[in-house]
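Student: When you get a sec, could you give me coordinates for this:
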Amino acid sequence: MSTRSKDSLGRALALGLCLVFLLAMGGWFFFERFGAIPPQRARPVVPASAESRPVPAVVPDVRATVVEVVGSVEWAHDGKWAALQVGHQLAPDDSVRTGPGARVDLKVGDEASRLSIPERSEVRVGEVTRAEHTIQLQRGRIDVDYLGREDRVLRVWSENGTVAETRAARFTMLRSGAKVAVATRVGSVNLSSAGVTVQVSAGQQSVVFDGAKPLAAEPIPLEVLLKVASKASVADSLCVSLSGKVRVGTEVFVEGEPAEVSSDGSFRAEVPRREGLGQVKVVAREPSGEIRERMMACRPRAGPPQAESVKFRWDEAP
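Tutor: Numbers count the residues shown, from 1 in each chain. Prediction:
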């Protein structure tokens, strides 16, 4: 074979090898570009417990909202008292107080439950969450209409350690001095004090004196018992001097002012004489809210003082 033939064959072989190489590279490029499954983005590794854990929902703050105001009602935040208006939302540690003849109604969150605070009463808002509603009754009374739900509870407590707890009930809680009473109309309320709990069912009431154990629950009386007697006083400045007796746990008001009622239901009160006062109004209000009134006539004056005859002798030493 000639030298020229050998050179032509070498060039042909080299060209063929180059062509094969180019075809191989082109096929690989085509396969990678169009034929292969596109690579997946790397997924972050998440622990199984984190994947199954639900994302907590954003729960709005629960507040006690004022829905009705009658008469003079005030609220306090950081110890400063101001007039309370409908629509106001009470934060924890806010206090509300009502004047004579006044009333304020509250609701908690978006629920239909109502807390009504009548005249001469004061409450303080405690913990208010989705699971627990806590109110402190500082004085007076609170009327509760609490709708039932298994996932939350209402607690009304006083400073002497007495607590009324329910998940669904209509009841009244009264605090007068060291006395606390609960009267239940619908449902049931657990009244606890001094380590003892008494269930106060519908149509029953119970009383706690001075933070002692609750008295056994008993039926709510059908009517208020009020026995009052008046007597003339030696002091001509008094209209009447009253003494009387009511059922245990009953409040007594004389001319709008609360009278001190002892643990046996007896009370005394003296009413000063004043211009235009001819009768004295006595009101008895039981824990259930039942009221009985009685008017007592003001005693007449004993008459004008009699002048005494006095003789002076100027020539005698005193």
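
Student: hey, let's count contacts and neighbours off CA atoms from now on
Tutor: Will do.

Student: domain ranges for the chain?
Tutor: Domain assignment for the chain, taken from automatic domain parsing, gives 1-30, 64-219, 226-297.

Student: what about A181, how many neighbours?
Tutor: Number of residues near A181 (other C-alpha atoms under 10 Å) recorded here: 26.

Student: thought it was touching V163?
Tutor: No: assessed by C-alpha atoms under 8 Å, A181 is found out of contact with V163, at 10.4 Å.

Student: For the domains of the chain, give me CSV that also has mean pLDDT.
Tutor: As requested, the domains of the chain are exported to CSV (pLDDT from 0 to 100):
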stretch, mean pLDDT
domain 1-30, 59
domain 64-219, 91
domain 226-297, 87
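
Student: for these, which one ends up most surrounded?
Tutor: domain 64-219 (a mean of 19; mean count of other C-alpha atoms under 10 Å).

Student: Contact partners for the most centrally placed residue in the chain?
Tutor: Note on the chain: the residue nearest the mean C-alpha position is I135, at 3.1 Å, using C-alpha atoms, centre = their mean. With C-alpha atoms under 8 Å, 6 or more residues apart in numbering as the criterion, the residues that contact I135 are 123-127, 154-157.

Student: and which of these is nearest to A212?
Tutor: Using C-alpha to C-alpha, the shortest approach to A212 within the contacts of I135 belongs to W157, at 14.2 Å.

Student: hey, what's that closest one bridged with?
Tutor: Under DSSP bridges, the beta-bridge partners of W157 are Q136, V163.

Student: quick one, what contacts it?
Tutor: So W157 contacts 134-137, 163-164 (C-alpha under 8 Å, 6+ apart).

Student: From I142, how far off is it?
Tutor: 11 Å (C-alpha to C-alpha, to the nearest Å).

Student: again, but for I220
Tutor: 17 Å.

Student: try P92
Tutor: From P92 across to I142, the span is 18 Å (C-alpha to C-alpha).

Student: cool, Q199 as well?
Tutor: Between Q199 and I142 the computed distance is 18 Å (C-alpha to C-alpha).

Student: do the same with E275
Tutor: From E275 to I142 the distance is 35 Å (C-alpha to C-alpha).

Student: cool, V283 as well?
Tutor: The gap separating V283 from I142 is 18 Å, by C-alpha to C-alpha.

Student: before we move on, what about V240?
Tutor: Where I142 is concerned, V240 sits at a distance of 32 Å (C-alpha to C-alpha).

Student: residues in contact with A83?
Tutor: 72-75.

Student: Kindly recompute the last result at 7 Å.
Tutor: A83 sits next to 73-75 when contact means C-alpha atoms under 7 Å, 6 or more residues apart in numbering.
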